[in-house]
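>>> Quick one: sequence plus predicted model below, questions after.
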Amino acid sequence: MEKSVKLGSVMRNKMTYTVYWKNEDTNRVNSKDFTGVEGGIMVEALEFAQDADTNMWPWLLERDGEEVAHGWGGDLLGSYRFQG
């Protein structure tokens, strides 16, 4: 008798990561959204944030509206990240 195993599909939550950064050359705050399933999409957002980090610009990464990482004083962007 052969025994079969049925595996249910794994539900992965869709997440939105938003990178905010302040371009010190133009003095403007910009943002970019990354939406997808957890895991790969965070890597994509962090790779994007690395460009701001390389330029030594303040940056902030949020996951569904909650701060998860920042660099170069990005935690101080506060409400300024919504201007621009």
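Noted; the coordinates are in hand.

>>> For the most centrally placed residue in the chain, give its distance to residue 26.
Centroid-nearest residue in the chain, with Cα atoms, centre = their mean: residue 17, separated by 3.5 Å. Per Cβ to Cβ, to the nearest Å, residue 17 is found 23 Å from residue 26. Glycine gets a C-beta too; all of them are placed from N, C-alpha and C.

>>> And for residue 77?
In terms of Cβ to Cβ, residue 77 sits 15 Å off from residue 26.

>>> The residue nearest to the residue nearest to the centre of the chain when sequence neighbours are not counted: which element?
Nearest residue to residue 17, sequence neighbours excluded (Cβ to Cβ, 6 or more residues apart in numbering): residue 45, at 3.8 Å. Assigned by DSSP states H and E, residue 45 belongs to helix 40-54.

>>> buried ones in that helix?
41, 42, 45, 46, 48, 49, 52, 53 (16 or more other Cβ atoms under 10 Å).
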